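Engineer: structure, please.
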Amino acid sequence: MKTDWAAEYRRLLQGHRHGAVGPTTERYRAAEPPPPLTLAEVCEAEEELGITFPEDYRDHLLRRSAGGRINRLRRDAAGWGWHGDSDTNYDLLRTDFPHPDSYRAYEDDLDDREPLEEQFADQDIFRRAWQDWDDEYGVHQERKTAGAVYIQEHGCGFSTLLVVTGPHRGTMWFDGRATCDQILPLLLNGSPVSFAEWIDRDYLTPW
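Structural biologist: Predicted coordinates for the structure are as follows:
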């Protein structure tokens, strides 16, 4: 059965929250970071989101702040979520975060299958074929960050991800798709970086 990529892409896009987003610069201008959350609030957020926060991120929420340098976890009219973030897909938070190696072959095949205008005598058929391919590409891009939270936005399309579901849970990744078309692990001495190792550092190399 042929996949309806347009319908699947529209469905996945519904997992984003745009109405709750505020200016990301607010968190840097604040004289003091927001206060920590209570244990009841953290448990409520985890239950509503359907995930269990990595221990060091959970500890940050309970002992240090609900935000600070990072997008603030808060409850608003849409429920619990990260203020200043429109990229996290809440419908995919429970899905395991995929290592880039797991989809590299599929991505290469997808690139090879991009319809080219010169391959089609009929422009309408070309446009339909290309749109179907583009929707499949959009679904693939959405699934790349399943199980991850956009924890900090750097501007120009760059962000840092905190993985919350799957074998890579608790590790930090850099979304560099704006230029290199890759999502890369943040490493410290060659090992994946945890939230606790990352939060107080200004820079960690994503390779």
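Engineer: strands of this structure, start to end?
Structural biologist: Ranges of strands in the chain, per DSSP state E, are 72-76, 79-83, 148-155, 158-163, 172-175, 183-185, 187-188, 191-192.
Engineer: show the average pLDDT along the first one.
Structural biologist: Averaged across strand 72-76, the pLDDT comes to 96.
Engineer: for the chain, which residues score under the pLDDT cut-off?
Structural biologist: 19-31, 202-207 (pLDDT under 70).
Engineer: residues near the closest residue to Gly79 other than its chain neighbours, how many?
Structural biologist: With sequence-adjacent residues excluded and distances taken as Cβ to Cβ, 6 or more residues apart in numbering, Gly79 is closest to Glu48, at 5.6 Å. Heads up, the C-betas are built off the backbone N, CA and C, glycines and all. Using other Cβ atoms under 10 Å, Glu48 has 13 other residues around it.
Engineer: count of residues packed around Arg113?
Structural biologist: Counted with other Cβ under 10 Å, Arg113 comes out at 11.
Engineer: got a list of what it touches?
Structural biologist: Trp133 (Cβ atoms under 8 Å, 6 or more residues apart in numbering).
Engineer: which residue lies farthest from the center of the protein?
Structural biologist: Ala121 (39.5 Å; Cα atoms, centre = their mean).
Engineer: mind listing what that one touches?
Structural biologist: Contacts of Ala121 (Cβ under 8 Å, 6+ apart): none.
Engineer: and if you look at the one 5 residues further on?
Structural biologist: Phe126 sits next to 115, 117, 119-120 when contact means Cβ under 8 Å, 6+ apart.
Engineer: and for Ala6?
Structural biologist: 131-132, 135.
Engineer: need the buried ones from those residues selected in PyMOL.
Structural biologist: Remark: buried members of the contacts of Ala6, expressed as a PyMOL selection using 16 or more other Cβ atoms under 10 Å:
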select buried, resi 132+135
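Engineer: quickly list what Tyr150 is bridged to.
Structural biologist: Leu161 (DSSP bridges).
Engineer: gap between stretch 124-135 and the chain center?
Structural biologist: Mean-position distance between stretch 124-135 and its chain equals 27 Å (Cα atoms, centre = their mean, to the nearest Å).
Engineer: export that stretch to CSV, keeping only CA atoms.
Structural biologist: C-alpha atoms of stretch 124-135 as CSV (Å, rounded to 0.1, in the frame of the first residue of the first chain):
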residue,chain,number,x,y,z
ASP,A,124,1.7,18.3,-13.8
ILE,A,125,3.0,14.7,-13.3
PHE,A,126,6.4,16.1,-12.4
ARG,A,127,4.9,18.6,-9.8
ARG,A,128,2.9,15.8,-8.2
ALA,A,129,5.9,13.5,-8.1
TRP,A,130,8.1,16.1,-6.6
GLN,A,131,5.5,17.1,-4.0
ASP,A,132,5.1,13.5,-2.9
TRP,A,133,8.9,13.2,-2.6
ASP,A,134,9.1,16.5,-0.7
ASP,A,135,6.4,15.4,1.8
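Engineer: before we move on, the earlier item: just the closest of the contacts of Phe126 to Gly155, please.
Structural biologist: Nearest to Gly155 among the contacts of Phe126: Pro115, at 33.3 Å, using Cβ to Cβ.
Engineer: pretty sure the closest one sits against Trp133.
Structural biologist: Yes - if you go by Cβ atoms under 8 Å, Pro115 and Trp133 touch, sitting 5.6 Å apart.
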